[in-house]
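# Provided below are the primary sequence and the corresponding predicted coordinates.
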Amino acid sequence: MPGIVHPPFPSDVPTHPLLVIDYVLIKVGDQAEIERLWEAASTVGFWYLKNHGAEKEVEDMFSLGTSTFSLPLEEKLKYEQGDSGCSHGYKKIGGNAVDASGLSDCSEFINIAKDDVLAFPRVIYRDYPFTVTAAMASVVRPFVCKSLEVNDAFLRIFNRQLGLPEASLEALHARDQHSGSEARLTRVLPMPGKALANRPTIGAHSDFGSLSFLHNILGGLQMILPGETEWKYVRPIPGHAICNIGDALSIFSGGIFKSAVHRVVPPPGAQSELERRSLVFFTRPNNTQVLHALVEDSPMIAESVKQHPEGKFNTGSTAGEWFSRRTKYQRLNNRTVRCEKTRGADFKLTNGNGSGARIMGRQQGNGT
C-alpha cells in the first residue's frame, strides 16, 4: 500500500483544516509545538502528526493486512470476534450496524490485542490467523510498541498541562495492565459511483478510548463538529498519521479534551474505484479503571467540570465494562438498544443515513 501511486484526493470536497504537529518537536519539549498540540486536543480533538518515525512499522503492517485479508473467508471466520462484547479478533463485512435503521457496515477488520502482542507466545485473550501469529514478533509487536511510544508521549504532555501528579495518565494506561488497547487493520472493497458516495462503511461514532494513531492512504474519513450540519473529509497527507482524542480521555479531563464524532464513507472522486485500507492503534485505559473526571488531582479539571451538568463525567463504569458494552451493541445481531447507545458518549443520530448527526450531552453511566 505505501509507495503505490493512487489517484489524488480531490480538491473540490469540503475538508477540515487540522493542525499539523511535529513529533520531533514534541519529543524535545518545544513549548510552541506543545501549545499547538494542546490547541488541537482541546478544540477539535484531531490533528495530523508528521515525523512520527513509524513508516517501516506501518508498511509492514499493511503487508500483513494484505496476507490476512486474502485468506479464505471460512479461515478468517475461525477467529470472529463474536457477539459477546469481545473486540479482539476478526469482524466480517456486515457484522456491525452503522446507523439506527440497522444498515450493515461495509468493512472487514481484524483487531489484535495489545496484551496478546506483548505476552506472545503466551495467549491472554485468543488466537489469531496464522498470518498474524507468524508476524507477531517481527511485525505486530514493533508497530504496537512504536504506537505506545507516540501515544505515551502525548499522555505525558497532557498530564503536565492538566496539572496532574506526575505519571497519572500513564498509570491509567499501563502497559503491564490488561486493557482494550489494540491494533486494527481494516479493508473496504471499492464502492464507486455517486449513489454510494455518502454510504457509511463504518458508522458515525466517537472513539471509546483515550488516543488513536491512524494511518491511511485514501480518503473517506469524515468528521462533524458540534453545531455543524455538514460532514467534512479529513484529507490524507502522505507520511502523516492522523491522531485523535477518545471519550475516555475527554472524561478524565472533565471535558477539556474533545472527542469528535467521525465516520468512514467511500473515498471521494477517482479514489472510490480502489480498495481502501487503514491501520490504527487505539490506546485505551486499564480495564479496571473507573471512568470519571480526575477532579481531585487537578484544579484545572475541577474547574472545567463546574461548567457542565452535575454528574456528567461520573460514568459509574470501568473502562472494561464500558468498552465491552459498546463492542457488543454495535453488532448487528445485538440490536436491542438504540444506535446512539453504541456510538460514543457525545453522539446521537437524527436520521437513518448518518447525516445530520449532532452532539449531545454525555449520557451518564452508559457510554455505549
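Right, received. Where do you want to start? Residues are numbered from 1 along each chain as shown.

# separation between the closest residue in space to K258 that isn't next to it in sequence and L249?
If the residues on either side of it in the chain are set aside, K258 comes closest to G45, at 3.7 Å by C-beta to C-beta, 6 or more residues apart in numbering. C-beta coordinates here come from the backbone N, C-alpha and C atoms, glycine included. Counting by C-beta to C-beta, to the nearest Å, the separation of G45 from L249 is 9 Å.

# cool, and Q161?
Q161 sits 12 Å away from L249, going by C-beta to C-beta.

# rewinding a little: what touches both of G45 and L249?
In the contact map built from C-beta atoms under 8 Å, 6 or more residues apart in numbering, the residues linked to both G45 and L249 are F257, S259.

# which SS class is H215?
Assigned state for H215: strand (three-state reduction, DSSP: H, G, I helix; E, B strand; the rest coil).

# was I right to think it contacts V58?
Yes. Look at H215 against V58 with C-beta atoms under 8 Å: they come within range, at 4.9 Å.

# now A260. Nearest residue, chain neighbours left out?
G45 (4.5 Å).

# contacting residues for that neighbour?
Taking C-beta under 8 Å, 6+ apart, we find G45 in contact with N244, I245, S250, F257, K258, S259, A260.

# what would those look like in a markdown table with distance to K91 and pLDDT?
As requested, the contacts of G45 are exported to a markdown table (distance: C-beta to C-beta, whole Å; pLDDT from 0 to 100):
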| residue | distance to K91 | pLDDT |
| --- | --- | --- |
| N244 | 21 | 98 |
| I245 | 24 | 98 |
| S250 | 25 | 97 |
| F257 | 28 | 98 |
| K258 | 27 | 96 |
| S259 | 22 | 96 |
| A260 | 23 | 95 |
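
# closest one to L19 out of those residues, please.
Distances from L19 to the contacts of G45, taken as C-beta to C-beta, are shortest for N244 (12.0 Å).

# and the closest one, how many neighbours?
Applying other C-beta atoms under 10 Å, we find 28 other residues in the vicinity of N244.

# please begin residue numbering at 32 from this point
Got it, first residue is 32 now, which makes that one N275.

# which ones are touching the closest residue to it other than its chain neighbours?
On the basis of C-beta to C-beta, 6+ apart, the spatially nearest residue to N275 that is not a chain neighbour turns out to be F77, at 4.5 Å. Contacts for F77 were tallied using C-beta under 8 Å, 6+ apart; they are H47, L49, A71, M254, V265, I273, C274, N275, I276, A291, H293.

# A235 belongs to a helix, doesn't it?
No. Secondary structure assignment places A235 outside any helix; it is strand (three-state DSSP).

# my guess is I188 is in a helix, correct?
Yes. The assignment for I188, made by three-state DSSP, places it in a helix.

# ok, it - contacts?
By C-beta under 8 Å, 6+ apart, the contact set of I188 is I57, I65, L68, W69.

# could I get those as CSV with neighbour count and secondary structure?
Rendered in CSV, the data for those read as follows (neighbours: other C-beta atoms under 10 Å; DSSP: H, G, I helix; E, B strand; the rest coil):
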residue, neighbour count, secondary structure
I57, 21, helix
I65, 17, helix
L68, 25, helix
W69, 16, helix
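
# quick revisit: tell me which of Q192 and L280 has more neighbours.
Just comparing Q192 and L280: by other C-beta under 10 Å the higher neighbour count belongs to L280, 28 against 18.

# would you agree that one is in contact with S290?
Yes. Shown here, L280 and S290 form a contact pair, counting by C-beta under 8 Å, at 7.4 Å.

# picking that back up, got a quick PyMOL command for the buried subset of the contacts of F77?
Once 16 or more other C-beta atoms under 10 Å is used to decide burial, the buried members of these can be selected in PyMOL as follows:
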select buried, resi 47+49+71+254+265+273+274+275+276+291+293
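
# list the contacts for P160?
Applying C-beta under 8 Å, 6+ apart, one finds that P160 lies in contact with T99, L102, E106, K107, K109, Y110, Y121, I141.

# could you rerun that using 6 Å?
For P160, the set of contacting residues under the criterion of C-beta atoms under 6 Å, 6 or more residues apart in numbering consists of T99, L102, Y110.

# gap between the last one and H119?
When you say that, I think you mean Y110. As for Y110, its distance to H119 is 9 Å (criterion: C-beta to C-beta).

# re earlier: how much space between the residue nearest to A291 and L310?
When C-beta to C-beta is applied, the distance between G76 and L310 equals 20 Å.

# and P103, by the same measure?
Counting by C-beta to C-beta - P103 and L310 are separated by 22 Å.

# equivalent analysis for V170, please.
If you go by C-beta to C-beta, the gap between V170 and L310 works out to 11 Å.

# identify the contacts common to these two.
Going by C-beta under 6 Å, 6+ apart, no residue sits against V170 while also sitting against L310.

# surely V175 meets V148?
Yes. Counting by C-beta atoms under 6 Å, a contact exists between V175 and V148, whose distance comes to 4.8 Å.

# looking at the chain, which helix or strand is least sure?
Of all helical and strand segments in the chain, the minimum by mean pLDDT, DSSP states H and E falls on strand 389-390, at a mean of 31.

# now N247, nearest residue through space, not along the chain?
Leaving aside its sequence neighbours, N247 sits nearest to S309 (C-beta to C-beta, 6+ apart; 4.1 Å).

# now the strands for the stretch 132-281 of the chain?
For the stretch 132-281 of the chain, the strands defined by DSSP state E, counting those that start in this stretch occupy 138-144, 213-219, 233-236, 242-247, 252-255, 263-264, 272-276.

# I'd like the ones you listed laid out as CSV, including distance to L325.
Conversion of the strands of the stretch 132-281 of the chain to CSV gives the following (distance: least, C-beta to C-beta, whole Å):
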stretch, distance to L325
strand 138-144, 26
strand 213-219, 24
strand 233-236, 24
strand 242-247, 16
strand 252-255, 26
strand 263-264, 32
strand 272-276, 15
